[in-house]
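K.L.:
Here is a sequence together with a model predicted from it:
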Amino acid sequence: MARMEFDYVIVGGGSAGCVLAGRLSEDPGVTVALLEAGGPDSSVLIHCPAGLAVMAKQKAINWAFETVPQPGLNGRRGYQPRGKVLGGSSSINAMIYMRGQPQDYDAWAAAGNPGWAWEDVLPWFKRAEHNERGADAWHGSGGPLNVMDLVSPNPILPAFIEAGRQAGYALNADFNGATQEGIGAYQVTHKHGERFSAAKAYLTPHLSRPNLSVITGVHATRVLLEGRRAVGVQGQRGGETLTVRARAEVLLAAGALQSPQLLMLSGIGAPEELQRHGIAVAHALPGVGQNLHDHVDVVQVVSAPQATSTFGLSFGGAWQVLKGIGQWRRERTGLLTTNFGEAGGFIKSRPEEPTPDLQLHFVVAKLVDHGRKTVLGHGYSCHVCVLRPKSRGRLSLASADPLAAPLIDPNFLGDPDDTARLVRGFKLMRTLLGQPALARLGGRESPTSAAATTDAQIEQFVRNHADTIYHPVGTCRMGPGPLDVVDTQLRVHGVQGLRVVDASIMPSIVSGNTNAPAIMIGERAAAMVRAARQPAAQPLAAAAA
């Protein structure tokens, strides 16, 4: 059995874990270990933005989980891709930079989490960001995470944006600015035509630090406890048991699906859940795994002539891709710099909604089953998701085997309000895609969705085809209540030396993509950890400035 010891042990090399490793190791007086179940982020499919179309099928760097059968989806199992590689899901996602609405964070604070309101978190978003447009009241410059406009946007993009205007929506050039509402192009986490993951931003530049150890291929199996204090992590690496001790703190950053799983495997959770699997109760914390929720989403697919210049499986399309490979290798520009979801928008399902409750993702390819199915021909797709779903599910153990996948139950469309919003959203999306700017391209809606014309038929289409847009959150909820798991410092209630730092701590999901918020959470947590080590350190607000 191999044994090691560090001041801080981080479990999970995803978005928040990379931030923690990079920020904590800035202090040469501490030692930091980052444990990641996957391998290094060395694949060209990661660094070439368009490679994400292939990674949906690559289990080598993707946990590729599935949900339990979902009654709201007519008994179907949903797909739950998660990054299994340095950078985590920021190494396999669509690279959209989005923070959500200020009201999201104000709601966190109002739910008993002072210090997490919009005015509190905005400085941390700005500290993380280097926006190539420059700094302003909303954006940062000089931070580790590069944010930019697409270097070679697809030629069809202006047609989608014009269709949004024709449908009556405002145009929005900055969804992270003064207002989120409207239609426009997304900014992305790219740099020089390559994906710029959390690993590239926070980890790769610092791998030579003598106080930072990045250990890949380690599947964490439990947190080691001495009484009510976390003292390390045990894991499996190549058939060998690895014990990594933590002199100061253990920081779980394994994500909304695996951080609660690891807590439960360690005896921290609802006693009845643990005892059902023969796990001794080390600390009763019934909220672990509860409050799972996600952005439920449905896609409309449109077939169109190759002249639209979208991606497609055809002889001409293959030739386009071959030329694009050469251009990307030479110049880091061209077709392969796409993130596919190049544009979108935030709209209201009803005029009386106080803020947008729906998000659109416009995809410059025909997307079916998360890209896992090969579809002939050219075309484009559009997603619509419910931004603030009311449905709540849970994450539980399948068994006491730490290598077994957890049971994932987001309870999609469990609340009728989510269904009603998604039906309204589908109709609004269809109207937008039918505007002259896109209609003149000669596209045809997929027969499967085109057959759904009444609300009842659209609801059945939704139940037969909806799934995640990849944003699970909430399973280690932050708050002061009996079902909350961490406090406002992200410390696990009732356990010393243990924090959870990832999207699982979100009390409620943000109104948009979750990668930028996870990075913000990592930034805040790193400062909290450092402040705990040096109690006389400057306040958090000053540290973020």
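P.N.:
Structure received.
K.L.:
When you work out contacts or count neighbours from here on, use the C-alpha atoms and nothing else.
P.N.:
Will do.
K.L.:
Without its sequence neighbours, what residue ends up closest to Gln435?
P.N.:
Ala163 (5.3 Å; C-alpha to C-alpha, 6 or more residues apart in numbering).
K.L.:
mind checking which helix or strand the one you found is in?
P.N.:
According to DSSP states H and E, Ala163 maps onto helix 157-166.
K.L.:
Report all helices and strands that that helix contacts.
P.N.:
Counting contacts by 3 or more C-alpha pairs under 8 Å, 6 or more residues apart in numbering; DSSP states H and E, helix 157-166 packs against strand 182-185, strand 341-347, helix 416-433, helix 436-439.
K.L.:
Let's see that with 10 Å instead.
P.N.:
Where contact means 3 or more C-alpha pairs under 10 Å, 6 or more residues apart in numbering; DSSP states H and E, helix 157-166 is packed against strand 182-185, strand 341-347, strand 358-363, helix 416-433, helix 436-439.
K.L.:
Pull the residues that contact the first one.
P.N.:
Read that as strand 182-185. 96, 149-150, 153, 157-158, 160-165, 168-175, 341-348, 356, 359-362 (C-alpha atoms under 10 Å, 6 or more residues apart in numbering).
K.L.:
Repeat the analysis, applying 7 Å as the threshold.
P.N.:
161, 164, 169-173, 342-347 (C-alpha atoms under 7 Å, 6 or more residues apart in numbering).
K.L.:
From those residues, list just the buried residues.
P.N.:
The neighbour-count criterion (16 or more other C-alpha atoms under 10 Å) marks Ile161, Gly164, Tyr169, Ala170, Leu171, Asn172, Glu342, Ala343, Gly344, Gly345, Phe346, Ile347 among the contacts of strand 182-185 as buried.
K.L.:
count of neighbours near the closest residue to the third one other than its chain neighbours?
P.N.:
Among residues not flanking Tyr169 along the chain, Gly182 sits closest, at 5.8 Å (C-alpha to C-alpha, 6+ apart). For Gly182, the neighbour count with other C-alpha atoms under 10 Å is 23.
K.L.:
Okay, now the unreliable bits of the stretch 401-545 of the chain?
P.N.:
Counting by pLDDT under 70, the stretch 401-545 of the chain has low-confidence residues at 535-543, 545.
K.L.:
mind listing the strands for the stretch 251-400 of the chain?
P.N.:
268-269, 283-284, 290-292, 296-304, 312-313, 341-347, 358-363, 377-386, 393-396 (DSSP state E, counting those that start in this stretch).
K.L.:
Can you add distance to Val244 and mean pLDDT and give those strands back as TSV?
P.N.:
Converted to TSV, the strands of the stretch 251-400 of the chain look like this (distance: least, C-alpha to C-alpha, whole Å; pLDDT from 0 to 100):
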stretch	distance to Val244	mean pLDDT
strand 268-269	19	98
strand 283-284	21	98
strand 290-292	28	98
strand 296-304	38	95
strand 312-313	48	54
strand 341-347	40	98
strand 358-363	42	98
strand 377-386	41	93
strand 393-396	25	98
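K.L.:
can you redo those strands as TSV with distance to Pro102?
P.N.:
Listed next are the strands of the stretch 251-400 of the chain as TSV, based on distance: least, C-alpha to C-alpha, whole Å:
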stretch	distance to Pro102
strand 268-269	32
strand 283-284	34
strand 290-292	21
strand 296-304	21
strand 312-313	38
strand 341-347	14
strand 358-363	16
strand 377-386	17
strand 393-396	25
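K.L.:
residues contacting Gly115?
P.N.:
Per C-alpha under 7 Å, 6+ apart, neighbours of Gly115: Ala109.
K.L.:
Okay, Gly227 and Arg477: tell me how far apart.
P.N.:
Distance of Gly227 to Arg477, given as C-alpha to C-alpha, to the nearest Å: 23 Å.
K.L.:
And these two? Which one has more around it.
P.N.:
Between Gly227 and Arg477, counted using other C-alpha under 10 Å, Arg477 has the larger neighbour count: 29 against 11.
K.L.:
Low-confidence bits of the stretch 151-300 of the chain, can you list those?
P.N.:
For the stretch 151-300 of the chain (pLDDT under 70), the answer is none.
K.L.:
Quick one: the helices in it, in order.
P.N.:
Here the stretch 151-300 of the chain has its helices, by DSSP state H, counting those that start in this stretch, at 157-166, 198, 259-265, 271-276.
K.L.:
Same question for the stretch 1-150 of the chain.
P.N.:
Under DSSP H, counting those that start in this stretch, the stretch 1-150 of the chain gives helices at 15-24, 44-47, 52-55, 102-110, 118-128.
K.L.:
Who are the packing partners of the fourth one?
P.N.:
The one in question is helix 102-110. Helices and strands touching helix 102-110, by 3 or more C-alpha pairs under 7 Å, 6 or more residues apart in numbering; DSSP states H and E, are helix 118-128.
K.L.:
Using PDB, list the CA coordinates for the helix it packs on.
P.N.:
Output of helix 118-128 as PDB, limited to C-alpha atoms (Å, rounded to 0.1, in the frame of the first residue of the first chain):
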ATOM      1  CA  TRP A 118     -24.500  38.500  -6.900                       C
ATOM      2  CA  GLU A 119     -22.500  41.500  -5.600                       C
ATOM      3  CA  ASP A 120     -20.400  38.900  -3.600                       C
ATOM      4  CA  VAL A 121     -19.700  36.500  -6.500                       C
ATOM      5  CA  LEU A 122     -19.200  39.000  -9.400                       C
ATOM      6  CA  PRO A 123     -15.700  40.000  -8.200                       C
ATOM      7  CA  TRP A 124     -14.700  36.300  -8.300                       C
ATOM      8  CA  PHE A 125     -16.000  35.800 -11.800                       C
ATOM      9  CA  LYS A 126     -14.000  38.800 -12.900                       C
ATOM     10  CA  ARG A 127     -10.900  37.600 -11.000                       C
ATOM     11  CA  ALA A 128     -11.000  34.300 -12.900                       C
END
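K.L.:
So what touches that helix?
P.N.:
By C-alpha under 7 Å, 6+ apart, the list of residues contacting helix 118-128 reads 102, 105-106, 139-140, 143-145, 520, 523-524, 544-545.
K.L.:
Turn the residues you listed into TSV, including distance to Pro472 and neighbour count.
P.N.:
Below are the contacts of helix 118-128 laid out as TSV (distance: C-alpha to C-alpha, whole Å; neighbours: other C-alpha atoms under 10 Å):
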residue	distance to Pro472	neighbour count
Pro102	20	19
Tyr105	17	26
Asp106	20	19
His139	26	21
Gly140	27	24
Gly143	26	17
Pro144	25	20
Leu145	22	27
Met520	16	25
Glu523	20	26
Arg524	20	27
Ala544	27	18
Ala545	30	9
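K.L.:
from those residues, which ones fall inside strands?
P.N.:
Leu145 (DSSP state E).
K.L.:
Mind putting the contacts of strand 182-185 into TSV with distance to Asp41?
P.N.:
Shown next, in TSV, are these (distance: C-alpha to C-alpha, whole Å):
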residue	distance to Asp41
Ile161	34
Gly164	37
Tyr169	40
Ala170	39
Leu171	36
Asn172	34
Ala173	32
Glu342	23
Ala343	26
Gly344	28
Gly345	31
Phe346	32
Ile347	36
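K.L.:
Could you count how many residues lie near Glu352?
P.N.:
8.
K.L.:
What of Gly168?
P.N.:
Gly168, neighbours per other C-alpha under 10 Å, totals 11.
K.L.:
What's the separation between it and Gly143?
P.N.:
36 Å.
K.L.:
which residues touch Ser197?
P.N.:
For Ser197, counting by C-alpha under 7 Å, 6+ apart, the contacting residues are Gly87, Ser90, Ser91, Thr189.
K.L.:
How much space separates it from Leu212?
P.N.:
For Ser197, the distance to Leu212 - C-alpha to C-alpha - is 19 Å.
K.L.:
cool, Met520 as well?
P.N.:
From Met520 over to Leu212 (counting by C-alpha to C-alpha), the distance is 21 Å.
K.L.:
Then Asp455?
P.N.:
56 Å.
K.L.:
which one of the two has more residues nearby?
P.N.:
When Asp455 and Leu212 are compared on other C-alpha under 10 Å, the one with more neighbours turns out to be Leu212, at 23 against 14.
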